[in-house]
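>>> structure of the sequence below:
(chains A, B, C and D)
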Amino acid sequence: MAIFVDKNTKVAVQGITGRDGSFHAQQMLEYSDTVVAGVTPGRGGQTFADKVPIFDSMAEAVGQTGANTTVIFVPPFGAAGAIYEAADAGVKLIVCITEGVPTVDMVKVMPYLAERGVRLIGPNCPGLIAPGLCKLGIMPASIVAEGNVGLVSRSGTLTYEVVWQLPSAGLGQSACLGIGGDPVIGTTFLDSIKAFAADPQTEALVMIGEIGGDAEERAAEYIQEHVDIPVVAFIAGQTAPPGKRMGHAGAIVSGGSGTAAEKVKALAAAGIPVAERPKDIVPRLQEIWQR
Amino acid sequence: MAIFVDKNTKVAVQGITGRDGSFHAQQMLEYSDTVVAGVTPGRGGQTFADKVPIFDSMAEAVGQTGANTTVIFVPPFGAAGAIYEAADAGVKLIVCITEGVPTVDMVKVMPYLAERGVRLIGPNCPGLIAPGLCKLGIMPASIVAEGNVGLVSRSGTLTYEVVWQLPSAGLGQSACLGIGGDPVIGTTFLDSIKAFAADPQTEALVMIGEIGGDAEERAAEYIQEHVDIPVVAFIAGQTAPPGKRMGHAGAIVSGGSGTAAEKVKALAAAGIPVAERPKDIVPRLQEIWQR
Amino acid sequence: MNIHEYQAKEIFARFGLPVPPGDVATTADQAVKLAEQYGLPVMVKAQVLTGGRGKAGGVKYCTSVADVAEHAEAILGMDIKGHTVGKVQITPALDIAEEYYVGMLIDRNTKRALLMASAEGGVEIEQVAKDNPDAIFKLAIDPRYGLLDHEALTMALKLTNGDIKKARQLALAMQKLYAAFMHADASLAEINPYVFTPAGEGYAIDAKMNLDDNAQFRHPDYEQLRDLDEENAAERQAREAGLSFVKLEGNVGCLVNGAGLAMATMDLVKYYGGKPANFLDIGGSSNPEKVVNALQIILTDPHVKVILFNIFGGITRCDDVANGIIAATESMDISVPIVVRLTGTNEEEARQLLTQTDLVAAETMDAAVQKAIELVS
Amino acid sequence: MNIHEYQAKEIFARFGLPVPPGDVATTADQAVKLAEQYGLPVMVKAQVLTGGRGKAGGVKYCTSVADVAEHAEAILGMDIKGHTVGKVQITPALDIAEEYYVGMLIDRNTKRALLMASAEGGVEIEQVAKDNPDAIFKLAIDPRYGLLDHEALTMALKLTNGDIKKARQLALAMQKLYAAFMHADASLAEINPYVFTPAGEGYAIDAKMNLDDNAQFRHPDYEQLRDLDEENAAERQAREAGLSFVKLEGNVGCLVNGAGLAMATMDLVKYYGGKPANFLDIGGSSNPEKVVNALQIILTDPHVKVILFNIFGGITRCDDVANGIIAATESMDISVPIVVRLTGTNEEEARQLLTQTDLVAAETMDAAVQKAIELVS
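Okay, the predicted model is just below:
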């Protein structure tokens, strides 16, 4: 069943006529037939890839195709606007791929989503892939396989690195979720872990964290108290110097907090094994996973 | 039972140490013992009229006295702030007496109140008096008497004028409500009429409107469809020239709409008698009221 | 408070709306200089706080300096609906391909700022509302989020029939108008018309704004926006004294406490065949100074033949009010008769006090009005 | 982006925060002139993008012109934690009766701007947080309504222990700080300390602000706030090339696609006993130009003894990426060995391509890191 999506998921792509939007919409289409609409103001009436109708607005896209989910590839200055539009149109899941969205924009959009009961993944994230079901975002479909491991991560390629190792252990994924590396994001580790814990398909969890904030610590606390399936963690950024932003806007050790060491300590204290190297993740999971 | 208040009403007075606040708090105290707290930041710990404790904040006032209602006598620049504070502290009825509150401030405060399920009366209004029960605001208690007529009005003294005439007809009031003459107000004619219609004590209604907006027309429509008790109306401003603000910020005929003639027509069309002179109100009511 | 087109344009420009250059002249010479500065053709536009200046000949298209001089000369000093034109705005005349209406006002029902827009620009929006209400699109704006990109763009695309380039300009103009409206504490803000040149460039070529007097405390610049020349002397005096006053054409001067009661009093004067000289709300107090101010303001009008006090004494007792009125009238030299009606707490005592004066006491509002009218004829 | 105290103060002042006068000097002469202009005593304050300048001797109280000259001379050019002081701020020294801390940052958990305030001003807030966390009051601000009057005043009254006059000033400062924070797209804004003079007048005498680089598109003034002298040349070059780069002290130059994988690569270098020379995220493409830029940036560091590519080819196929790397390296003259690890779609084909070059191919991340470290020693 995966998380956040199911067989009724119908996807609109906002910014479908842009460079990234069109490329990834094509990839999404190739993976499954869940993409039902594209949105680019001023391009309403056109068709994408000979089959997906393009609309001027999300309201029209939702009204005419029943889209309930959207993936946003709109440039940073319009990304928050696209989120408001999608929420206003009534979709219930928004995946914002856009990198470089101002944090204040995200702060402002959050209550709008909360008022409407809309889930946001991202921004600045690779999105979600539920193998065999659908792909929302930019994760490479070629490396995933259906299975029972849930993956949640703040980064993209590091996640793929881990996904890449699962087949050798005979494992696949229930869903693979990149929540993004920005300071203010919609779906957090905590939200994702709650969803995975409630998903019958997911039998084990891998959480890939990094420096900055205390989302990993919060997740650890929750896992210790509420999650019964095996969980293994990895934390990137042991060698990151304080005060420097490591690519992701949220990956920064500031005021002495948000260090990898603190996170590792909190996870260990919650009984969650923390792999030292990416390649240790799968073995550590197998150690604790009684299949 | 009156409307909006009952025997559990416990009143805080915001701005109790100001000139108007202290004068009217005294009057309210003399009318009933519902005033339980005063609020003036910086004056916490003092006592008003030897018995009402003064607090620095509404949060403290509510916390320590159980106040569930507030009457605001704070100057215009702080009035909206006082409304936010009261709503945040958890009171459910706010009466804002302050005249001269910027309209944009009221526009901004409205959703805050809606989110918290708080009723606002005013601003720029005389408030509410429920004879024999309590007085919230500045209406002269000396002229009211308990009875079964509900009065709702956009103005103050014109209402008193009508109240003054009721005893000669052997009538008193269930409640007398001044909703204020500003363009954006909390409780409208429609809200008041719904409440009066639901109040078993109220057997007849007098609605005193004036030029500007279409609140009277909306009320008329509602009354025609949903209200069974007799209603008489009066509209002030037949002689008001267009484009001129007649005292109340909301009493202005603009763009040819909001005229007294239009209102009278709508009321008459809804089967509501409209008195030509204030002194005709009570006789018109008696004509249609089968007691 | 209404402000002039040129002032509204200054505010609009401050918030980033595309306003063509322009400046005001109070003489034909200045007008010519400005026209030479901007280059011809230019518009000469009467700056006057009323509508219908176009029909009255207050807006002229000028292709030559001679035109400018002639029209500026004619328009300056012109009377438009009782307003004397003291200033003209000179602004380059644009080539106009399309005209839109974009406006914003406070909507009492939604309790929000209401955006209104129409592709039928350049005409009175009230007329469009009457003739073709479907041509006006409306949106009440949630103050928590402001006018969102997609809301503005969706409305703009309807206006431009899908022309995305024009729609983006219009949408941006709507958002900037909203910002100006909220930050300036406006009660009305209109761009009529918002035009596109043949090259597709959008401009707000006319501007109207009403500002909320109640918000003046946080806008120190409001005071200098007020055009004192446009204000009647009595109205200015009333404003300075903190009184609510509107001059009318009759001869019964009315002093009433409370705006609703004041309107009802005017209405009653008319009902009994008289003509009210004014609306005046003296507020709730018995303060003799306020009464003196009010009387002075009313007496600046030579048409006033009688003065009618209609006071409801509620919390302030009627005898106190009577004493206030007596003190005020005694300190002045008033040649017209004064009728006083005081109702409410201690009204008997109040009437008693009045019997010892020249003031004519009345028991009811109707009696007072009738007496006042009698005294006029 | 961090900005200097004097720049943050300019922003604060624009939003109405009470900031004492002040200006910057780049020479002792200028400093003296400014001191004479403001009148003594003054503070001479190093403008440097790091904390702890006070302890380092970068902030001096001066009672004479000679003092100013001497201290400005000493501070200008001073090295503070690797930053060279290029400017000093000269500002009148105030009499200080009380010091408060008022700060604001983005709180990831509430997803809001978080106001923090403490009566323990003038010391590092991290220290207060450690020693006496209850002394810091916090409030997450609802962006729909902003920092409301009563919220600010309630917190301020706690700070001042009920002193209403000071509380009102502090509350206003908090609200103005919030406005500055949101409008300037800050990620951190601090007044430390906010002081009261013995006469009870409040001032923000120190200011710190970090701005959100992502918001630069709507702040044309950001670019001129950036102190290019404070930036390391390689970091500036990376920023201009749109690459995410952080210089470190090691000798293994890392080029990785994705920030998380880049950090994990650095960590793995350390795990196997090596030292990463940098963090560098080259992003998702196989664009040779980007690879060339990245290599140039890394090679500005003479300590780099080996270059390690760690690329996960997902949607972009590994053979495409390999071709990109080959094209880039062939166009340059690189004297250090290069280890390339490519994983993902078509990784076999990619490794095949690399065998025809001088590049050292590795199958796994661990193998690549180990090989790179071997090549250094």
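
>>> does residue A:71 touch residue A:98 like I think?
No: judged on CB atoms under 8 Å, residue A:71 makes no contact with residue A:98 at a distance of 10.2 Å. Glycine gets a C-beta too; all of them are placed from N, C-alpha and C.

>>> between these two, tell me which one has more neighbours.
residue A:71 (29 against 25; other CB atoms under 10 Å in any protein chain shown).

>>> quick one: that one and residue A:146, what's the gap?
Using CB to CB, to the nearest Å, residue A:71 is found at 21 Å from residue A:146.

>>> same deal with residue C:374?
Distance from residue C:374 to residue A:146, by CB to CB: 98 Å.

>>> what does residue A:121 give?
Applying CB to CB to residue A:121 and residue A:146 gives a distance of 20 Å.

>>> between those two, who's got more neighbours?
Each of residue A:121 and residue A:146 has its neighbours counted (other CB under 10 Å); residue A:121 has more, 27 against 14.

>>> just list whatever residues bridge to the more buried one.
Applying DSSP bridges to residue A:121 yields these beta-bridge partners: residue A:95.

>>> who touches it in this structure?
The contact partners of residue A:121, by CB atoms under 8 Å, 6 or more residues apart in numbering or on different chains, come to A:4, A:93-96, A:127-128, A:136-137, A:177, A:179-180, A:185-187.

>>> please repeat the previous calculation with a cut-off of 10 Å.
A:4, A:71-72, A:93-97, A:127-128, A:136-137, A:177-180, A:185-187, A:191-192 (CB atoms under 10 Å, 6 or more residues apart in numbering or on different chains).

>>> to what extent is residue 46 buried, counted in neighbours?
Using chain A here. 14.

>>> actually it's chain C I care about, not the one you picked
28.

>>> next: residue C:39.
The burial count for residue C:39: 9, using other CB under 10 Å.

>>> and the helices in the stretch 51-200 of chain A?
Assigned by DSSP state H, counting those that start in this stretch, the helices in the stretch 51-200 of chain A fall at A:58-65, A:76-89, A:103-116, A:157-165, A:189-198.

>>> tell me the most buried of the ones you listed?
Highest mean neighbour count among these (mean count of other CB atoms under 10 Å in any protein chain shown): helix A:157-165, with a mean of 26.

>>> so that helix, near chain D or not?
Yes: using CB under 10 Å from any CB of the partner chain, helix A:157-165 reaches chain D at A:157, A:158, A:159, A:160, A:161, A:162, A:163, A:164, A:165.

>>> which of those residues sit farthest apart?
Within the residues of helix A:157-165 next to chain D, two members stand farthest from each other by CB to CB: A:157 and A:165, at 13.3 Å.

>>> find residues that contact each of these two.
residue D:343.

>>> burial measure for the nearest residue to residue A:47 once chain neighbours are set aside, as a count.
Leaving aside its sequence neighbours, residue A:47 sits nearest to residue A:53 (CB to CB, 6 or more residues apart in numbering or on different chains; 5.9 Å). By the criterion of other CB under 10 Å, residue A:53 has 17 neighbours.

>>> then residue A:17?
18.

>>> so it makes contact with residue A:39?
Yes: Residue A:17 lies in contact with residue A:39 (CB atoms under 10 Å); the separation is 9.1 Å.

>>> find residues that contact each of those two.
Common neighbours of residue A:17 and residue A:39 (CB under 10 Å, 6+ apart) are residue A:54.

>>> for stretch A:64-74, buried residues please.
The neighbour-count check on stretch A:64-74 (16 or more other CB atoms under 10 Å in any protein chain shown) flags A:65, A:67, A:68, A:69, A:70, A:71, A:72, A:73, A:74 as buried.

>>> CA-only coordinates of that stretch in PDB, if you can.
Only the C-alpha atoms of stretch A:64-74 are listed here, as PDB (Å, rounded to 0.1, in the frame of the first residue of the first chain):
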ATOM      1  CA  GLN A  64     -11.600  18.400 -15.300                       C
ATOM      2  CA  THR A  65      -9.300  15.400 -14.400                       C
ATOM      3  CA  GLY A  66     -10.000  14.700 -10.700                       C
ATOM      4  CA  ALA A  67      -6.300  15.200  -9.900                       C
ATOM      5  CA  ASN A  68      -5.800  14.800  -6.100                       C
ATOM      6  CA  THR A  69      -2.000  15.100  -6.000                       C
ATOM      7  CA  THR A  70       0.500  17.500  -7.600                       C
ATOM      8  CA  VAL A  71       4.200  17.600  -8.300                       C
ATOM      9  CA  ILE A  72       5.600  21.100  -8.500                       C
ATOM     10  CA  PHE A  73       8.500  22.000 -10.800                       C
ATOM     11  CA  VAL A  74       7.900  25.800 -10.800                       C
END
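
>>> quick one: mean pLDDT over that stretch.
Averaging pLDDT along stretch A:64-74 gives 98.

>>> can you check the pLDDT for residue C:293?
89.

>>> for it, which non-adjacent residue is closest in space?
That would be residue C:241: by CB to CB, 6+ apart, it lies 4.2 Å from residue C:293.

>>> for residue A:176, same thing?
residue A:151 (4.5 Å).

>>> and for residue C:65?
residue C:32 (5.5 Å).

>>> with residue A:29 instead?
Going by CB to CB, 6+ apart, residue A:29 has residue A:35 as its nearest residue, at 5.1 Å.

>>> before we move on, what about residue A:1?
In space, residue A:1 is closest to residue A:201, 5.1 Å off (CB to CB, 6+ apart).

>>> hang on, that neighbour packs against residue A:5?
No: using CB under 10 Å, residue A:201 is not in contact with residue A:5, being 11.8 Å away.

>>> who has more neighbours, those two?
The neighbour comparison of residue A:201 against residue A:5 (other CB under 10 Å) goes to residue A:5, with 22 against 18.

>>> who touches that one in this structure?
A:11, A:34, A:68-69, A:93, A:95, A:128-130, A:133-136, A:175.

>>> tell me how far it lies from chain D.
Using CB to the nearest CB, to the nearest Å, one obtains 20 Å as the distance from residue A:5 to chain D.

>>> any idea which element that residue lies in?
Residue A:5 belongs to no helix or strand when assigned by DSSP states H and E.

>>> now do it against residue A:34, distance only.
Applying CB to CB to residue A:5 and residue A:34 gives a distance of 8 Å.

>>> list residues touching both of the two?
A:11, A:69, A:133, A:134, A:135, A:136.

>>> residue A:9 and residue A:28 touch, don't they?
No: if you go by CB under 10 Å, residue A:9 and residue A:28 don't touch, sitting 11.2 Å apart.

>>> show me where the stretch 1-150 of chain A has its strands.
Using DSSP state E, counting those that start in this stretch, the strands of the stretch 1-150 of chain A run over residues A:11-14, A:35-39, A:47-48, A:52-55, A:69-72, A:93-96, A:119-121, A:127-130, A:134-137, A:146-153.

>>> ranking these by burial, who's on top?
strand A:11-14 (a mean of 31).

>>> and it, is it in reach of chain D?
No: using CB under 10 Å from any CB, strand A:11-14 stays clear of chain D, coming no nearer than 15.5 Å.

>>> so who does the residue of chain C found nearest chain B touch?
Nearest residue of chain C to chain B: residue C:260, at 2.3 Å (CB to the nearest CB). Residue C:260 sits next to B:153-161, B:178, B:181, B:208-210, B:234, B:236-237, B:246-248, B:251, B:278, C:281 when contact means CB under 10 Å, 6+ apart.

>>> which of these fall within strands?
B:153, B:178, B:208, B:209, B:210, B:234, B:236, C:281 (DSSP state E).

>>> can I see the domain layout of chain A?
As assigned by automatic domain parsing, chain A contains the domains A:11-121, A:144-288.

>>> distance to residue D:364 for these - can I get that in a markdown table?
Formatted as a markdown table, these follow (distance: least, CB to CB, whole Å):
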| stretch | distance to residue D:364 |
| --- | --- |
| domain A:11-121 | 26 |
| domain A:144-288 | 7 |
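
>>> can you tell which of these is closest to residue B:84?
Comparing the domains of chain A by their distance to residue B:84 (CB to CB), the top pick is domain A:11-121, with 15.9 Å.

>>> residues from the stretch 101-250 of chain A in reach of chain B?
Residues of the stretch 101-250 of chain A lying near chain B by CB under 10 Å from any CB: A:111, A:115.
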